[in-house]
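1. Quick one: sequence and predicted model below, then my questions.
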Amino acid sequence: MRILPSLYLAVLLFASSCGSDHPKPGSSSDGHHRHVAPHGGQLVELGEHGAGFNLELVLNPDGFLSIYVLDAHAEDFVRIPAHSITFDIQENNQSVQRIACNGVADPATGESLGNTSLFISTEPVLEFIPFEAVFTQLEIGEISFARQAFEFSKKSDE
């Protein structure tokens, strides 16, 4: 007879955990999973959702663009062996400006050129925002994301 109260408790716990109208952390009210940019920037997803990578694009106050390489869930930094990342700003499918973003060494984290997750543009991009662009050089691990299109429209103060 002790089985009946235990079974009742199990059913009650199961029923109360199902059908919740409250979204889980990292999801939206429509049930879709969302990633949060750690620096408040704009995320660009690369590869298959959940199995690829994310880039966080952050406009610095001085108009330069920082690019952080992140894992599939935009939670952890991913160091890559690249010394730079380049992209072409496009207008009417024509390249109007090539932007190089050089790797940044950080002795505090042990990151060095050729082993970093942070890249900063060599020139300001503020005058081009919003823009459409295509990566001309971007390899993460053994995957090449060259010719990957993206848009950037977010300013840090928005």
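-> Right, received. Where do you want to start?
2. Now do the buried residues in the top strand by length along the chain.
-> When the chain is parsed with DSSP state E, its longest strand is strand 94-103. Neighbour counts using 16 or more other CB atoms under 10 Å place 99, 100, 101, 102, 103 of strand 94-103 among the buried residues. The C-beta positions use only the backbone N, C-alpha and C, and glycine is treated the same way.
3. And for stretch 114-133?
-> 116, 117, 118, 119, 120, 121, 125, 128, 131, 132, 133.
4. Hmm, residue 84 and the first one touching each other?
-> No. Counting by CB atoms under 8 Å, no contact exists between residue 116 and residue 84, whose distance comes to 10.4 Å.
5. ok, residues contacting the longest strand of the chain?
-> Strand 94-103 has contacts (CB atoms under 8 Å, 6 or more residues apart in numbering) with 65, 67, 82-90, 113-114, 116, 118-123, 125, 128, 133-134, 136.
6. how about the helices of the protein, start to end?
-> 3-17 (DSSP state H).
7. Would you map the strands across this protein?
-> 42-46, 53-59, 65-70, 84-91, 94-103, 118-121, 131-137, 139-140, 143-144, 149-152.
8. could you dump those strands to a markdown table with distance to residue 77 and mean pLDDT?
-> Formatted as a markdown table, the strands of the chain follow (distance: least, CB to CB, whole Å; pLDDT from 0 to 100):
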| stretch | distance to residue 77 | mean pLDDT |
| --- | --- | --- |
| strand 42-46 | 14 | 93 |
| strand 53-59 | 10 | 95 |
| strand 65-70 | 6 | 96 |
| strand 84-91 | 14 | 95 |
| strand 94-103 | 13 | 94 |
| strand 118-121 | 8 | 97 |
| strand 131-137 | 19 | 93 |
| strand 139-140 | 12 | 89 |
| strand 143-144 | 17 | 88 |
| strand 149-152 | 19 | 94 |
